[in-house]
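In: sequence plus the predicted model coming up.
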Amino acid sequence: MKKYLSYAIGHSPISIVARLGMMVLLLLIAIILTSNTRLEMPFGPPCKKIRVDFAMKRLTKNLGELLSNQAIRNRLHMEINQSPYREHIIFLDEFLTNALHISGLDSLTGEKVKKALNKVANTKELFSKPVFQKFLISPEIDMYFPVPDHRENWTGSDDILIGFGGLIDEEAEEISAYSVRTGKIIKIGTAEPTVDPLLMVMPSELHSYESVTLEEVDESPVEPSPSVHTNGYINTNYFKITDDREPWYKGNPEIYVIVFQYSSTAHIEPVYKHLKGVNDEGVWKDLRGCPTALSFYWDESYNVITHYQVWEEDNGTKLKFTIPLFGGFVTYKRRDNDDPLGSVNVHRDQVGWCPDGALDNCCNSWTTEVSVGKASMRLNLAESNK
């Protein structure tokens with residue numbers, strides 16, 4: 001390499017700038033070839049992220065062009081309003097399939113719909129490949145209005161914006177959108193919702209599309225009862241988030257909790273619970289269901305600590321993480337782009353006993369409130385029926 005470098009610098013007629021550039025390039029190659037450090041990129045290999053973003057930009061533009069047709073906009077308005085899924089989500093491929101059957105659609109527009117549908121099918125096939133499933137939650141491509149007022153007030157007019165939803169950097173100050181009215185790609189700020197209605201087209205971030213409405217509550221604590229029980233359940237009856245860590249243009253957050261327990265007699269894996277319906281900041285949501293969505297058995301073989309972590313899930317590479325816990329180390333998995341809301345160790349002795357007896361009777365009370373950073377939980381201990 002020394003001989004080659006000397007020749008390149010001493011005998012080539014290229015400019016000084018080009019020579020310096022060659023030296024830097026050779027130096028970088030040498031560093032990469034001799035280094036044991038793996039360069040980590042968000043969402044996996046950068047070329048895969050670029051392919052996702054390119055595919056989504058193409059689909060967004062195709063959809064925007066089709067929505068210049070009033071009949072297709074009317075169909076979109078109807079399907080969005082009739083959607084049974086959370087946030088009135090619809091799927092891009094299903095929408096285009098239905099658009100093919102719009103009465104009176106001219107043949108030229110029909111061909112454009114077919115071409116767009118074929119591109120969606122190819123994109124979903126790409127997203128289904130194992131290498132992409134390492135950092136995409138699902139191959140589905142969602143369409144929805146992230147701002148409820150936009151959905152409720154839009155009547156099918158051409159002032160709609162189609163947001164480009166690739167693997168977005170949530171810290172970005174602006175994102176791209178296609179203006180149906182002007183036929184141009186524009187930039188929109190991310191600080192506040194747009195005035196014009198924004199429809200996002202995004203790779204799915206959901207494990208479930210079920211629309212769940214949880215009761216909002218703000219009950220006073222009940223007086224805990226003394227107990228000498230040596231087993232039972234630790235229940236989280238009510239849950240509140242104070243910061244959902246989700247930008248407005250992505251809609252509702254995907255909140256989940258990881259719960260860690262330790263037993264001296266059995267191996268216990270971390271438990272992952274997605275809290276569907278926990279969307280609004282500053283509002284207590286009722287998780288009751290007899291037993292609650294967060295209810296965990298314990299007895300004398302269990303460590304007195306139950307560890308809770310609260311996260312907001314996004315697309316990203318699923319990795320292993322290790323934390324010190326229970327006098328040792330515990331390994332768990334999560335996506336590298338998930339946003340932390342907080343974590344807490346809950347000691348059983350700090351949680352009050354339900355005054356209503358066994359677990360099945362304890363749905364209507366809570367005794368202890370615990371802060372988890374940007375979330376809060378209201379818990380109780382209940383008798384086991386075992």
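Out: Noted; the coordinates are in hand. Because the structure is predicted, anything quoted here is derived from the model rather than measured.
In: list the contacts of the nearest residue to residue 153 once chain neighbours are set aside.
Out: Nearest non-adjacent residue to residue 153, counting by Cβ to Cβ, 6 or more residues apart in numbering: residue 197, 7.1 Å away. Heads up, the C-betas are built off the backbone N, CA and C, glycines and all. By Cβ atoms under 8 Å, 6 or more residues apart in numbering, residue 197 lies in contact with 145, 147, 150-151, 153-154, 159-161.
In: can you lay out those residues as a markdown table showing pLDDT, neighbour count and distance to residue 303?
Out: A markdown table is the format used below for these (pLDDT from 0 to 100; neighbours: other Cβ atoms under 10 Å; distance: Cβ to Cβ, whole Å):
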| residue | pLDDT | neighbour count | distance to residue 303 |
| --- | --- | --- | --- |
| 145 | 98 | 22 | 46 |
| 147 | 97 | 17 | 44 |
| 150 | 98 | 19 | 48 |
| 151 | 97 | 19 | 47 |
| 153 | 97 | 11 | 52 |
| 154 | 98 | 20 | 53 |
| 159 | 97 | 12 | 58 |
| 160 | 98 | 23 | 54 |
| 161 | 98 | 23 | 52 |
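In: now for residue 177: which residues touch it?
Out: Residue 177 neighbours (Cβ under 8 Å, 6+ apart): 60, 161-164, 185-188, 198.
In: out of the residues you listed, which one has the lowest pLDDT?
Out: Within these, pLDDT reaches its minimum at residue 164, with 90.
In: next, count neighbours for the residue nearest to residue 276 when sequence neighbours are not counted.
Out: If the residues on either side of it in the chain are set aside, residue 276 comes closest to residue 212, at 4.1 Å by Cβ to Cβ, 6+ apart. Residues lying near residue 212 (other Cβ atoms under 10 Å) number 12.
In: just the element for residue 212, please.
Out: Remark: residue 212 resides in no helix or strand, with elements defined by DSSP states H and E.
In: list the contacts of it.
Out: So, once contact is read as Cβ under 8 Å, 6+ apart, residue 212 ends up touching 86, 276-277.
In: any idea which helix or strand carries residue 243?
Out: Using DSSP H and E, no helix or strand contains residue 243.
In: ok, now how distant is the nearest residue to it once chain neighbours are set aside from residue 368?
Out: Using Cβ to Cβ, 6+ apart and skipping the chain neighbours, the partner closest in space to residue 243 is residue 374 (4.2 Å). Noted for residue 374: a distance of 19 Å to residue 368, by Cβ to Cβ, to the nearest Å.
In: can I assume residue 304 is in contact with residue 347?
Out: Yes: if you go by Cβ atoms under 8 Å, residue 304 and residue 347 touch, sitting 5.6 Å apart.
In: and the residue most central in space within the chain, what does it touch?
Out: Taking Cα atoms, centre = their mean, the centroid of the chain lies closest to residue 314, which sits 2.9 Å from it. Taking Cβ under 8 Å, 6+ apart as the criterion, residue 314 is in contact with 170, 205, 254, 335, 337-339.
In: of those residues - the most surrounded one?
Out: Top of the contacts of residue 314 by neighbour count (other Cβ under 10 Å): residue 254, with 25 neighbours.
In: helix or strand with the lowest mean pLDDT in the chain?
Out: Across the helices and strands of the chain, mean confidence by mean pLDDT, DSSP states H and E is lowest for helix 2-11: a mean of 39.
In: now residue 285: how far from residue 346?
Out: Taken as Cβ to Cβ, the span from residue 285 to residue 346 is 19 Å.
In: kindly report the same for residue 142.
Out: In terms of Cβ to Cβ, residue 142 sits 35 Å off from residue 346.
In: domains in this structure, by residue range?
Out: 2-34, 46-203, 232-383 (automatic domain parsing).
In: in TSV, list those along with distance to residue 222.
Out: Converted to TSV, the domains of the chain look like this (distance: least, Cβ to Cβ, whole Å):
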stretch	distance to residue 222
domain 2-34	63
domain 46-203	32
domain 232-383	5
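In: who is residue 188 paired with across the strands?
Out: Counting by DSSP bridges, residue 188 is bridged to residue 175.
In: actually residue 239, not the one I wrote
Out: residue 285, residue 377.
In: surely it meets residue 287?
Out: Yes: under the criterion of Cβ under 8 Å, residue 239 makes contact with residue 287 at 5.5 Å.
In: give the residues shared as contacts by those two.
Out: 275, 294.
In: quick revisit: pretty sure the residue nearest to residue 243 is touching residue 240, no?
Out: No: judged on Cβ under 8 Å, residue 374 makes no contact with residue 240 at a distance of 9.7 Å.
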